[in-house]
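Visitor: What shape does this take:
(chains A and B)
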Amino acid sequence: MTKTGIINCHVRALAIFGFAWFMLLPCKAAADEDFATLQANAQKSFRDGVAPFVKTYCAECHGDKKRKGGISFLAALKNPGDSSSSKRWKQALVSVRTHDMPPDDTAKQPTAEERQKFLGWLAQLKFLSPQDPGPFVIRRLTKVEYGNTLHDLYGVDPAVAQELPDEVFGEGYLNTLSPLQSEQYLAIANVVLDKILARDGATPTAVQKRLFGKTPSSGADARAAAKVVARSLARDAYRRPPTEAELDVLLGVFDLARENKLAYPAALRLMFKAILVSPQFLFITPAQEPEPGREIVPLDDHQLASRLSYLLWATTPDAELSALADRGQLHDPAVLKAQTKRLLLDRRSRALFDGFGAQWLGLGGLAGKTFDTAKFPQMTSGMRAAMYDEARLFFDSIVRDNRSVVSFVDSDYTFLNGTLAALYGLDKTVKGPEMRKVKLADANRGGILGMPGILATTSFPNRTSAVKRGVWVLEQVLGEHVPPAPANVPALEKQDQKKVANLTLRQRTELHRTNPVCANCHKILDPIGFGLENFDAVGRWRDQDDSGGAIDAAGELPGGKHFTTPKELKVIIAGRKDELARNLTEKLLAYALCRQLEGYDEIVVDRLMETIAKDGYRIQTLVTEIVTSYPFLQRHIQKQAVALSHEK
Amino acid sequence: MRNKMLIDRRTSLKGIGATLALPLFESLGWAAPGKEKSFKPPVRLGFMYMPHGVIMDQFWPKNPESFLTAPPPALEALRPVLNHCLLMKGISGVPIAPFNGAPHALELSTWLTARLPDANRRNQIHIAISADQIAANYVGFQTSLPSLELATMPQTHKENQEGLNEGYYSHCSFRSATQAVPAEINPRSVLNRLFGKADAAGDGRKPGTISPAQALDRKMLDLVLTGARDLRRKLPQDDQHKLDEYLDSVRSVERRIAAIEHRQQEAALEKAGVSVSKRNSSDSPPIEVKIPEGDKRSEYMQVMCDLNVLAFQTDTTRVSTYIGSTPNGVSYPELGFKDEHHSQTHHNNKAEQVDKVAAITKFNIDQFAYMVKKMASLREGDGTLLDNCIMMWGSGLEDGNKHTRENLPFILAGRGGGALNSGRYLPDTKGNQGDLLTTLLTCAGIPLDRPIGIATKQIKEMVAKV
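Guide: Okay, the predicted model is just below:
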């Protein structure tokens, strides 16, 4: 199974109070009242603050006449609470905060105080977004999920799915099926059936007996027997009870087989194959039709069971989850939380790292990343696998022991084998291929900032990159938004090689900050990366860089916090608990919802953060809060096309 | 025009007793049987992409006169087939404002659409149907696969310049404005699924025979589709759109099986002395495709090219798109350096980097040359397979160093069954990418109800005078 895996989903729109409709009503009333006040304040901020600022400083280039960079505030000014506007405001926030905008060469510049006020106002605009859980469109199982599901239901090796194409992951997991792919589904169904069912006339296998039951004696009603089998096969495969209409389709396939003179077991086999290529198996589909006229509907318990199970296990709900869904008890918050903890402690929750953790940390591409093998001969596939496993086991230990998210940054242990220990200089004490927990004495290590896999993925093939590492820390660890580099930026290699021959990488990187356009952002990004310069491009400690010059790992973070070593940088970052926890919450919520967070989601996250902070930022709480949050339990549906055409 | 053709074939097929569950069979053959001598093979349309532009003075011929005798270094490998090639300088790309910060996200996705994504929905896929898919819509029903999409590497690049959906980075085929078509990257699975596993083993069994079990599968899929349509009716609208992809895809499986059934019937008829075959007896036998063991990029690209040739040769599809390389993180260790393609294209005219870009460009064109030369070596009808193809190689940028797109580099190989006036270099063509695609599709016999993307006209100079 690929490690680059899959992000089944990721990314998209909106949300709300962390309260689901069935939760405590009195609380909701109070919350509504608070919310009305906040909303009124936000309207005032918008009217008296944001709108005049934008008109004064932004609209000339980003208004109705000009749309520099394709950006106009026209729509956002008209509907400041729209989810599409929230993206615009976020962009404005980043640009104004980093002094990227307005450009230095324009005459009208806001004062520092105006800037600060503007940022404060913007932060309130989220309250203008309407309460909305966002969509949860039916989605196809990813390759990994599909393989795991076949394994869990029928005991086949998940590798049976390996020929399916990998999903495009990240922000737009393109859930498109190529023609070839559904041929592959058919072919895989054949392989699965060949593996688990006996050939014609042979003694049935154990799995076959379990799935098909007994062959009815001649004279008995074979079709009635087939219907019983269809119901149970479809219940498992569709992850919900099949409808009568769905059973009719399956019996139609059974009849087709009988018409073609197939024996009873062979006819069941064809029916089974139909199940395995049905959309109800390949997609997560709702069990119930939505109530007509409603646009925001709760997930039914079966949909919820699947959503939870595929999130934490990347596989189909097990018997316990399914039974709770059948009994209609799963949406009870206490039950749901207990189930979430149970799933997290099960070994299958490793899927959460393969699907989410690896992507969050940027390790998904490590196995395939190019390294200069002349310079770094140790970057073998074994080393890459060990790097990945180190992060995986570390992530897993935090989840299992229910530690605070701060321990992602600040811990005094890691997981090593002999291969990886060489990068730590611990190969005298840690030997052999087995990964094991190792206590670390060096405080520069321990936590994701000093982890070789991550240091390697944020490097170029042949050297470190302070910029990449800085961006990584800001975006992946602290959850800040870094504006993209403008077009046509030359890489450092473009510098006059003679002039820079004797400069350290840091000095070379600093050269480009003499350009004021670059400096705005890089004065924030680069120092963080410099703080990690003691780690080379594969994560080994060093005191000199390639030029032979001494490493200068001193820098400061926005807000004036100075550091001189990776250890000190780590302490500063670990101190920013709120940001760390919020970032992880946002990223995991987006992953859980299969969409980007927008507009109202910010309010949901605010609510989640209160509970999570009270519990000391423990990771299991973070996950249970997400799973019981409003947008996880509800979905926004579009009216059917038919209804729309009637309106016209 | 289309309808008329369908009716004719339907009538003839009813005569041979084919099951007509699908419109597909309706014109499988590429000529009405009867005239023994000259079946006119169909025109096939292929696209192959390389990102980041070229080193211009090594790509464009010095002048029209020396084009055939002293081609520029980048085109060296095409020398034997240059008289089947057409080069035109002066085709401009789509201006990318307001997405000026996204030259690479757009070079590939505008390549066959000739238009920009919708700026207001930039985080979603919202662009336009691409030229290859327009062609597939028109001719696709006549073959097992409407179109074939291949790529050398996973389309998984994660970067969203200018807030554009990441899918724009690595896709050039779009089935509709909102639906990117994923490409197949595993040559083995393409070979197995399209042509049957037998070919992979090289035992020479004729590709594409089906068993009674497969025929039964087709009928089973038909029932599954009925069930899927029931399900669709009960779903909210956005769910319905998702399910449509499934319906599309399964329908095409059904159709592939049905098409093979039809071919078997044809073969049986031929055996019985009734001539219905699409193939001439003098046509070359299907090429053999071997999957390479190692991970050499050239071998990998060549097997993809082979698959493309085989798919065209066996009329498995008439439209193909091969993303030879995507605009991100590709390096070419085979050429003796490890730098990523993109980083070298910002060369600021430094000799060392210019040389590397030139080498990468030549490498890519070499693979294209491998494909078209193979096509030229295969007999088909009165000429070669290449004669009946239009193969377009190109890039969505002219100069990767400055991201210009005034003179997009293109090579057109093949004559499109005589529609293209080849063997020439036109140094001063006026037109844009949309014009080019519009003209190409017209040459391939695809009637268009509107111009493609930014097109305003057809490029008459390309077209052979009838």
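
Visitor: Quick check: which ranges of the stretch 151-300 of chain A have low pLDDT?
Guide: Low-confidence segments of the stretch 151-300 of chain A, defined by pLDDT under 70, are located at A:166-179.

Visitor: Strands along that one, start to end?
Guide: In chain order, the stretch 151-300 of chain A shows strands spanning A:283-284, A:296-298, with DSSP state E, counting those that start in this stretch as the criterion.

Visitor: now swap in chain A and tell me
Guide: The residue ranges that make up the strands of chain A, judged by DSSP state E, are A:139-140, A:283-284, A:296-298, A:413-416, A:436-439, A:555-557, A:561-563, A:634-636.

Visitor: ranking the ones you listed by mean pLDDT, which is last?
Guide: The stretch with the lowest mean pLDDT among these is strand A:555-557, at a mean of 81.

Visitor: Pull up the pairing partners for it, direction included.
Guide: With DSSP bridges as the test, strand A:555-557 is paired with strand A:561-563 (antiparallel).

Visitor: Contacts made by the partner strand with the rest, please.
Guide: If you take C-beta atoms under 8 Å, 6 or more residues apart in numbering or on different chains as the criterion, strand A:561-563 is touched by A:531, A:553, A:554, A:555, A:556, A:557, A:568, A:569, A:571, A:572. Any C-beta I mention is one placed from the backbone N, CA and C, and that applies to glycine too.

Visitor: repeat that for 10 Å
Guide: With contacts defined as C-beta atoms under 10 Å, 6 or more residues apart in numbering or on different chains, strand A:561-563 is touched by A:527-528, A:530-531, A:553-557, A:568-573, A:575-576.

Visitor: Identify each buried residue in it, please.
Guide: Under the neighbour-count criterion of 16 or more other C-beta atoms under 10 Å in any protein chain shown, strand A:561-563 has residue A:563 buried.

Visitor: Look up how far chain B lies from the nearest residue to residue A:503 once chain neighbours are set aside.
Guide: Taking C-beta to C-beta, 6 or more residues apart in numbering or on different chains, and ignoring the residues beside it in sequence, residue A:503 has residue A:547 as its nearest neighbour in space, at 6.3 Å. If you measure residue A:547 against chain B using C-beta to the nearest C-beta, to the nearest Å, the figure is 20 Å.

Visitor: if we can go back for a sec, buried subset of the contacts of strand A:561-563 as a ChimeraX selection?
Guide: Typed into ChimeraX, the line below selects the buried ones among the contacts of strand A:561-563, using 16+ other C-beta under 10 Å:
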select /A:527,528,530,531,553,554,555,556,557,568,569,570,572,573,576
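
Visitor: And the residue of chain A most remote from its centre, how far from chain B?
Guide: Relative to the C-alpha centroid of chain A, counting by C-alpha atoms, centre = their mean, residue A:219 is the outermost residue, at 55.3 Å. Spatial separation of residue A:219 from chain B under the definition C-beta to the nearest C-beta is 26 Å.

Visitor: where's that residue relative to residue A:225, distance?
Guide: 12 Å (C-beta to C-beta, to the nearest Å).

Visitor: is stretch B:282-293 anywhere near chain A?
Guide: No - contact between stretch B:282-293 and chain A, assessed by C-beta under 10 Å from any C-beta of the partner chain, is absent, since the two come no nearer than 12.7 Å.

Visitor: Can you give me the buried ones in that stretch?
Guide: If you call a residue buried by 16+ other C-beta under 10 Å, then stretch B:282-293 has these buried ones: B:283, B:286, B:287, B:289, B:291.

Visitor: looking at it, the first one is touching residue B:388, isn't it?
Guide: When you say that, I think you mean residue B:283. No - the pair residue B:283 and residue B:388 does not pass the contact test of C-beta atoms under 10 Å, sitting 11.0 Å apart.

Visitor: circling back to that earlier point, mind checking which of the strands of chain A is nearest residue B:81?
Guide: If you check each of these against residue B:81 by C-beta to C-beta, strand A:139-140 wins as the nearest, at 42.4 Å.

Visitor: What helix or strand is whichever residue of the stretch 51-200 of chain B sits closest to chain A located in?
Guide: At 2.6 Å from chain A, residue B:98 is the closest residue in the stretch 51-200 of chain B, using C-beta to the nearest C-beta. Taking DSSP states H and E as the definition, one finds residue B:98 inside no helix or strand.

Visitor: right, and it touches residue A:71 too?
Guide: Yes - with contact defined as C-beta under 10 Å, residue B:98 reaches residue A:71; the gap is 7.6 Å.

Visitor: Stretch B:362-378 close to chain A?
Guide: No - using C-beta under 10 Å from any C-beta, no contact is recorded between stretch B:362-378 and chain A, whose separation bottoms out at 16.3 Å.

Visitor: pLDDT of that stretch, averaged?
Guide: The average pLDDT within stretch B:362-378 is 96.

Visitor: which regions of the stretch 301-450 of chain B sit below the pLDDT cut-off?
Guide: Judged by pLDDT under 70, no stretch of the stretch 301-450 of chain B qualifies at all.

Visitor: Near chain A, which residues of it? Just list them.
Guide: For the stretch 301-450 of chain B, the residues in contact with chain A (C-beta under 10 Å from any C-beta) are B:317, B:329-331, B:333, B:338-340, B:342-344, B:346-348, B:350, B:352-353, B:401-403.

Visitor: Could you identify the buried members of those residues?
Guide: Among these, those that count as buried by neighbour count (16+ other C-beta under 10 Å) are B:317, B:329-331, B:338-340, B:342-344, B:346-347, B:353, B:401, B:403.

Visitor: Helices - which of those residues land there?
Guide: Counting by DSSP state H, the part of those found in helices is B:342, B:343, B:344, B:353.

Visitor: Nearest residue to the residue of the stretch 351-466 of chain B found nearest chain A in space, please, no chain neighbours.
Guide: Of the stretch 351-466 of chain B, the residue with the smallest distance to chain A, taken as C-beta to the nearest C-beta, is residue B:403 at 6.5 Å. Excluding its sequence neighbours, the residue lying closest to residue B:403 (C-beta to C-beta, 6+ apart) is residue B:103, at 4.1 Å.

Visitor: re the thing from before, nearest to residue B:250, of the strands of the stretch 151-300 of chain A?
Guide: Residue B:250 lies closest, by C-beta to C-beta, to one member of those: strand A:283-284, at 12.2 Å.

Visitor: Adjacent strands (with direction) for the closest one?
Guide: Sheet pairing of strand A:283-284 (DSSP bridges) gives strand A:139-140 (antiparallel).

Visitor: Among the contacts of strand A:561-563, which lie within helices?
Guide: Per DSSP H, the contacts of strand A:561-563 map to helices at A:527, A:528, A:530, A:568, A:569, A:570, A:571, A:572, A:573, A:575.

Visitor: Those: which two are farthest apart?
Guide: Spatially, the most separated pair among the ones in helices among the contacts of strand A:561-563 is A:530 and A:575, at 19.1 Å (C-beta to C-beta).

Visitor: returning to that earlier point: so which of the strands of the stretch 151-300 of chain A is the most surrounded?
Guide: Comparing the strands of the stretch 151-300 of chain A on average neighbours per residue, with mean count of other C-beta atoms under 10 Å in any protein chain shown, the densest one is strand A:283-284 at a mean of 23.

Visitor: The nearest residue to residue A:357 once chain neighbours are set aside: neighbouring residues, count only.
Guide: Spatial nearest neighbour of residue A:357, excluding adjacent residues (C-beta to C-beta, 6+ apart): residue A:395 at 4.6 Å. Residue A:395 is flanked by 22 other residues according to other C-beta atoms under 10 Å in any protein chain shown.

Visitor: how close does residue A:395 sit to chain B?
Guide: 20 Å.
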